[in-house]
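In: coords please:
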Amino acid sequence: MKKDIILGGVGGQGILSIAAVIGYASINMGWYIKQAEVHGMSQRGGAVNAQVLFDTEPVTSPIVMEGAAEYLVAMEPLEALRYLPLM
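Out: Residues are numbered from 1 along each chain as shown. Down below sits the predicted model:
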């Protein structure tokens, strides 16, 4: 039941909060989860992304491999294009 999710946006759009909600929901379901995020320029309106991987089996990598993501949630059209290769 492995699922890899990419969340992309810019600072202030709640990307990290969305990732946290998905993470807590996954834990409450009893699933294994790994989460990675990039938010260095978020306070200046820069790019923010989070990767959430969950499965019923232990998750070995915190990073979504190219072509492996099942879902992409982008808050800006440009951010959707940026992460499209991960789909």
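In: Three-state assignment for Ile27, please.
Out: Three-state assignment for Ile27 (DSSP: H, G, I helix; E, B strand; the rest coil): helix.
In: please shift the residue numbers so they start at 11 in all later answers.
Out: I'll keep to 11 as the first residue from here, and by that count the last item is Ile37.
In: if we ignore the residues flanking it in sequence, what's nearest it?
Out: Nearest non-adjacent residue to Ile37, counting by CB to CB, 6 or more residues apart in numbering: Ile43, 6.2 Å away. For the C-beta atoms, the positions are set from N, CA and C on the backbone; glycine is no exception.
In: what distance do you get for the one you found to Val69?
Out: According to CB to CB, to the nearest Å, Ile43 and Val69 sit 6 Å apart.
In: pull up the overlap in contacts between those two.
Out: Leu63 (CB atoms under 8 Å, 6 or more residues apart in numbering).
In: quick revisit: okay, the residue nearest to Ile37: pLDDT?
Out: With respect to pLDDT, Ile43 has a value of 94.
In: ok, how many other residues are close to it?
Out: By other CB atoms under 10 Å, 18 other residues sit near Ile43.
In: show me the contacts for it.
Out: Gly33, Ser36, Ile37, Val62, Leu63, Phe64, Val69.
In: could you give the secondary structure assignment for it?
Out: Per three-state DSSP, the local secondary structure of Ile43 is strand.
In: how close does it get to Gly55?
Out: According to CB to CB, Ile43 and Gly55 sit 28 Å apart.
In: with Ile73 instead?
Out: Distance from Ile73 to Gly55, by CB to CB: 25 Å.
In: ditto for Leu26
Out: 15 Å.
In: next one: Thr66
Out: Counting by CB to CB - Thr66 and Gly55 are separated by 38 Å.
In: likewise Val83?
Out: Val83 sits 19 Å away from Gly55, going by CB to CB.
In: now do the same for the most centrally placed residue in the chain: its pLDDT.
Out: In the chain, the C-alpha nearest the mean C-alpha coordinate belongs to Gln61, at 2.6 Å (CA atoms, centre = their mean). pLDDT recorded at Gln61 is 93.
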